[in-house]
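In: Fold the following.
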Amino acid sequence: MKERISTSGQLLFFISLFFLQLHTLAQSSTTDGAKKSNWPIITRKGDKLYEGNKAFRFFGLAAPNIQQNESQIRQDRTNRFPDEYEIRDALGAMQRIGGRATRTFSLSVYTPADKEMPVYITGRRNYNEAAFRCLDLVIALCNEYDIRLIIPFIASQSFGGIRGVDEFSDLSGKPRGSFWTDESVKDDFRHFLQFILNRKNTVNGMLYKDDPAILAWQLGNEFGSYAGDRKLDYTEWSPRILSWSKEMAAYIKKTDPNHLVMEAGGVDRPAMLADPNIDLISDHLYEYWNRMGGQPWELAPIARASVTETRGKKPLVIDEFGLGSTENLRSLMQLIRSDESIVGGLLWSIRSHRRDGGWYYHNEGGTPVNSFHVPGFAAGFEYEETRLLDLLRTEAYRIRGMEIPPVQKPSPAPVLIAKGRGFTWRGSTGAAAYSIERSENPGGPFTLLATGLDDSVIGDVKNFEGSSRASEALVLFYDETKKQGITYYYRIKAMNSAGESAWSQLLTIKP
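Out: This is a model prediction of the structure:
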């Protein structure tokens, strides 16, 4: 009899979604730190950060999609904002790496060019409640996972689906470039600051300005790129960006005196070091994009030069680094750890498992790097994904003065999903591989079909990402030995060097 998997696939998919919600709600967190009853807001003294009376230093991974998915967006846009499973997967992966901090990307701004893509800032003084409920959940879960969050408000660039200062000016009905100087546009941005700083989190009930999960508010992303990206005179635009930065930093501090403020570049650093409302200095260091004479830069000497400017004055954070050889990044991480005036660094960048199965991924500007997936897979061999993640984990514990703990087994249990004539699954955090079994009876006995299965199997990510299939979850396994006319029951579990997850739900495939 001809199989009806293709006609029943949608029903099975939605049944799987139901089981996933049960898994998500029921999961207990052996790898997820419980919320602390007395979790102090991070403070600054000189060029050091403090968590209560203890110096706060960190390594981690930047998480530019933890509050808005950028790639593999469904046609109906329903996965634009990460759900609880995806957010927990990203935070759980960072926690397993030893991370104590992460950084979102800038909050997205509406433009007609992005058509129906949902964003955070939808119009002049209008904000997307669904988007901010996603950010509410991110912040609330950071409390649970013991991870501090840096949030940059707006991008200097105009990346598709994100946009930034020029599009914000458009919403105000002003010409591009007026973001930095026009009083009405600045009033509109202050309105946004009032909205976000005073927002009451719908998950944990705290005002953002009181929440200890927030490590710092960052004025924006890479303001130093503004003039160069538009082929403008830097000497003309830098003073404008400086004036705006000083004005908005003062406004943030007046509205939210609790949290630290981080600058976003684009001005003379001595001015930011001198400003009383700026707490943190940032650097973005990349081998593939930072070149001199056609040769990649060694990153550690650049960081060493930066910290000579900031030492004794304000902490330096390398809030983005990466896209380079392992040895170059190793030297940079060792410098960050050894120089206490550099409080931390965030490797660019992590992507989570997808609710549809497999992973989110993103190629970084034509480089070999296609984002990081914990614990690292053969698909990332070209950029030594596993080796770099192991190195980051080592340095993340060393910078905290801790022994490196044992690896924890994967959790939660995966969720098996029928797709076409095969299967995909929602992965377990920390899983290195999977085993799938089959039985003709729901109570077993079960037969092992395959083990060592990998859910990070994208071959040519750059080509796939630009294709019409970019929003689809891949089929990760086909059962080539099944017989016609038989009802089968399938289950899958995750594994790594520490052990195994629980089995998934049983997935029934009828003839």
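
In: quick check: longest strand of the protein.
Out: strand 488-496 (DSSP state E).

In: Could you give the bridge partners of residue 429?
Out: Legend: beta-bridge partners of residue 429 under DSSP bridges are residue 411.

In: Share the number of residues neighbouring it, please.
Out: 28 (other Cβ atoms under 10 Å). All C-beta atoms are positioned from the backbone trio N, CA, C, and that covers glycine.

In: Could you do residue 273 as well?
Out: By the criterion of other Cβ under 10 Å, residue 273 has 14 neighbours.

In: Buried residues, the helix or strand that contains it. List them.
Out: Here residue 273 is covered by helix 269-274, with elements defined by DSSP states H and E. Neighbour-count burial for helix 269-274, counted by 16 or more other Cβ atoms under 10 Å, picks out 269, 271-272.

In: same question, stretch 234-250
Out: Residues of stretch 234-250 classed as buried: 237-238, 240-242, 244-246, 248-249 (neighbour count, 16+ other Cβ under 10 Å).

In: on that earlier part again, contacting residues around the helix or strand just after the longest strand of the chain?
Out: Using DSSP H and E, the helix or strand that follows strand 488-496 towards the C-terminus is strand 499-500. Strand 499-500 has contacts (Cβ atoms under 8 Å, 6 or more residues apart in numbering) with 409-410, 493-494.

In: ok, which pair from those is furthest apart?
Out: Maximum pairwise distance in these, criterion Cβ to Cβ, is 10.4 Å, between 409 and 493.

In: Check for me that residue 143 belongs to a helix.
Out: Yes: the assignment for residue 143, made by DSSP: H, G, I helix; E, B strand; the rest coil, places it in a helix.

In: ok, it touching residue 211?
Out: Yes: if you go by Cβ atoms under 8 Å, residue 143 and residue 211 touch, sitting 7.5 Å apart.

In: Spit out the residues that contact those two alike.
Out: Common neighbours of residue 143 and residue 211 (criterion: Cβ under 8 Å, 6+ apart): residue 204.

In: circling back: now for residue 409 and residue 493: what residues contact both?
Out: With Cβ under 8 Å, 6+ apart as the test, residue 409 and residue 493 both reach 500-501.

In: how about the closest residue to residue 445 other than its chain neighbours, what does it touch?
Out: Nearest residue to residue 445, sequence neighbours excluded (Cβ to Cβ, 6 or more residues apart in numbering): residue 439, at 6.3 Å. By Cβ under 8 Å, 6+ apart, the residues touching residue 439 are 445-447, 488-489.

In: Can you give me the pLDDT of residue 439?
Out: Looking at residue 439, its pLDDT is 98.

In: May I have the beta-bridge partners of it?
Out: Residues in beta-bridge contact with residue 439 (DSSP bridges): residue 489.

In: Then residue 150?
Out: The partner residues for residue 150, given DSSP bridges, come to residue 103, residue 216.

In: For the residue nearest the centre of the chain, give me its contacts.
Out: Centroid check for the chain by Cα atoms, centre = their mean gives residue 63 as the closest residue, at 1.7 Å. With contacts defined as Cβ under 8 Å, 6+ apart, residue 63 is in contact with 90, 94, 102-104, 349-350.

In: what secondary structure does it sit in?
Out: Recorded secondary structure, residue 63: coil (three-state DSSP).

In: Just give the nearest non-adjacent residue to it, would you?
Out: In space, residue 63 is closest to residue 102, 4.6 Å off (Cβ to Cβ, 6+ apart).

In: Please name the nearest non-neighbouring residue to residue 320.
Out: Take residue 320 and drop its neighbours on the chain: the residue closest to it by Cβ to Cβ, 6+ apart is residue 284, 4.1 Å away.

In: swap in residue 192?
Out: Distances taken as Cβ to Cβ, 6+ apart place residue 121 nearest to residue 192, at 6.6 Å, with adjacent residues excluded.

In: The one you found reaches residue 132, doesn't it?
Out: No: look at residue 121 against residue 132 with Cβ under 8 Å: they stay out of range, at 10.2 Å.

In: The two - which one has more neighbours?
Out: residue 121 (25 against 20).

In: Identify the bridge partners of that one.
Out: Here residue 121 sits in beta bridges with residue 109, residue 127, going by DSSP bridges.

In: Now do the contacts for it.
Out: Per Cβ under 8 Å, 6+ apart, neighbours of residue 121: 107-110, 127-128, 168, 171, 192.

In: Test my guess that residue 125 contacts residue 189.
Out: No: Residue 125 is beyond contact range of residue 189, at 10.0 Å (criterion: Cβ under 8 Å).

In: Please identify which of these two sits among more neighbours.
Out: Between residue 125 and residue 189, counting by other Cβ under 10 Å, residue 189 is the more crowded of the two (22 against 15).

In: is it fair to say that one lies in a helix?
Out: Yes: counting by three-state DSSP, residue 189 is found in a helix.

In: tell me the contacts of it?
Out: Here residue 189 is in contact with 154, 168, 179, 248 (Cβ under 8 Å, 6+ apart).
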